[in-house]
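Q: here is the input, now give the coordinates:
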Amino acid sequence: MSFASETKKEICRETVLSPCCQKAMAYGLWLFTRGFSLQENAVVTENGSVARLMAESAAEVAGVMAEMRVSMRRKESGVYTLTVPGDDQRLRLLEAFGHTGREVNLRLNRANLENDCCMRAFIRGAFLSCGTVTDPKKDYHLEFSINHRRLAQDFVTLLEEVEGLHLQPSVTRRKGSYVVYIKGSELIADLLTYMGAPTASMTLMQAKMVKEVRNYVNRTTNFETANIDKTASASAKQVMAIRHLQETVGLENLPDDLREMAYLRLENPEMSLRELGEALSISRSGANHRIQRLLEMAKTE
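A: Residues are numbered from 1 along each chain as shown. Reported below is the predicted structural model:
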């Protein structure tokens, strides 16, 4: 099961007790679907928990009996189709939330959000009906797909008003719908917790931590590999220069400090400058100075 489906199942398990919040969540569940219309339109979802919650909310809040059919597409899951039969039933569902079905532009009716607690319930319902969230192992992205431009704008305003979250939602157009989306792991984690999915929020943050650790290890490994390659390349150049001096002037004819360094480098091509210096009880810069003198001498011979 996908991360989005698991998240919706978790939200569905949280009980809404107060009547005002039950109505607000029912409004969020139905407002963003094609079933919120005077025309008979089907609401299709692969999430059985969401389908059952929509049917129950229509009955409890509006006294409307939605019909639900299940067709099996795969062994693991089915496709749930909800319809509200009868013109009178569809009108009753709309009127329960202060709509007529004849609005030129469908807008958010704030009268359904009676108290501060209702905003949370409404956003939960909206996510269940038209929202999705990307698997955090791949990306950090949560979105709501809304069919009406003014309704999408109203929803953005509502999200911006959620106290303490600072969600910063954006809107884009995709295949005839208006997509309200939120980016950023921390913002999404906060919203998931707010909607009643703390387990999904924790899963997201754990995935982020794993990514950060993996990236750190990769950066460190790449840095160390680059340093090893750099040291090996420099060492090879130094060994070639020392062998050239050995063949031309003879290492025994070098000054004591350079002869000591030359033999040490030939015997230990893997050593870094710091390690060479430690072996000779001198500083790294002292070791580098001797190596540079050997390289300069090799150029003149």
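Q: mind listing the strands for the stretch 1-150 of the chain?
A: 43-45, 67-72, 78-83, 131-133, 141-146 (DSSP state E, counting those that start in this stretch).
Q: Arg219: which of these is closest?
A: When the strands of the stretch 1-150 of the chain are compared by CB to CB, strand 141-146 sits nearest Arg219, at 24.3 Å. Where you see a C-beta, it was placed from the backbone N, CA and C, and this is true even at glycine.
Q: so which bits of that closest one are buried?
A: 141-146 (16 or more other CB atoms under 10 Å).
Q: one step back: flag whichever of the strands of the stretch 1-150 of the chain has the least confidence on average.
A: When those are ranked by mean pLDDT, strand 67-72 comes last with a mean of 84.
Q: adjacent strands (with direction) for it?
A: Applying DSSP bridges to the sheet, strand 67-72 is found paired with strand 78-83 (antiparallel).
Q: quick check: buried residues in the partner strand?
A: Those would be 79-80, 82-83, for strand 78-83 by 16+ other CB under 10 Å.
Q: who's in contact with it?
A: With contacts defined as CB atoms under 8 Å, 6 or more residues apart in numbering, strand 78-83 is touched by 35, 40-48, 50-51, 54-55, 66-73.
Q: can you rerun that using 6 Å?
A: 42-46, 48, 51, 54, 66-73 (CB atoms under 6 Å, 6 or more residues apart in numbering).
Q: show the buried residues in the residues you listed.
A: With neighbours counted by 16+ other CB under 10 Å, the contacts of strand 78-83 contain buried members at 43-45, 48, 51, 54, 66.
Q: neighbours of Ser201, just the number please.
A: When neighbours are defined as other CB atoms under 10 Å, Ser201 has 23 of them.
Q: sorry, wrong one. I was asking about Ala126.
A: Using other CB under 10 Å as the criterion, the residues surrounding Ala126 number 24.
Q: cool, and the one 3 residues further on?
A: Taking other CB under 10 Å as the criterion, the count of residues near Ser129 is 25.
Q: helix or strand next in line after the worst-scoring helix or strand of the chain on mean pLDDT, which one?
A: In the chain, the helix or strand scored least confidently by mean pLDDT, DSSP states H and E is helix 198-248, which has a mean of 78. For helix 198-248, the succeeding helix or strand toward the C-terminus, using DSSP states H and E, is helix 256-267.
Q: from the contact counts, what lies against the next helix or strand after that following helix?
A: Toward the C-terminal end, the helix or strand that comes next after helix 256-267 (DSSP H and E) is helix 273-279. Judged by 3 or more CB pairs under 6 Å, 6 or more residues apart in numbering; DSSP states H and E, helix 273-279 is in contact with helix 284-300.
Q: not counting sequence-adjacent ones, nearest residue to the most centrally placed residue in the chain?
A: With distances taken as CA atoms, centre = their mean, Tyr140 lies nearest the centre of the chain, 1.5 Å away. Spatial nearest neighbour of Tyr140, excluding adjacent residues (CB to CB, 6 or more residues apart in numbering): Ser185 at 4.4 Å.
Q: wait, isn't the one you found in contact with Leu142?
A: No. Using CB atoms under 6 Å, Ser185 is not in contact with Leu142; the gap is 10.2 Å.
Q: what comes up buried for stretch 263-272?
A: So stretch 263-272, judged by 16+ other CB under 10 Å, has buried residues 264-265, 271-272.
Q: pipe these into CSV and attach pLDDT per row.
A: As requested, these are arranged in CSV below (pLDDT from 0 to 100):
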residue, pLDDT
Leu264, 88
Arg265, 84
Met271, 82
Ser272, 85
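Q: out of those, who's nearest Met209?
A: Nearest member of these to Met209, counting by CB to CB, is Ser272, at 33.1 Å.
Q: if I look at Ile282, how far off is His289?
A: 9 Å (CB to CB, to the nearest Å).
Q: about what we covered before: can you pick out the most distant pair from the buried ones among the contacts of strand 78-83?
A: It's Gly48 and Ala66 that sit farthest apart of those, by CB to CB, at 14.0 Å.
Q: ok, Thr7 - contacts?
A: 133, 197, 200.
Q: please list only the buried members of those residues.
A: 133, 197, 200.
Q: Ala24: which of these is nearest?
A: Ala197 (17.4 Å).
Q: pull the contacting residues for the residue nearest to the closest one when sequence neighbours are not counted.
A: Among residues not flanking Ala197 along the chain, Glu10 sits closest, at 4.6 Å (CB to CB, 6+ apart). Neighbour list for Glu10: 197, 199-200 [criterion: CB under 6 Å, 6+ apart].
Q: and if you look at Arg107?
A: Listed by CB under 6 Å, 6+ apart, the contact partners of Arg107 are 150, 154.
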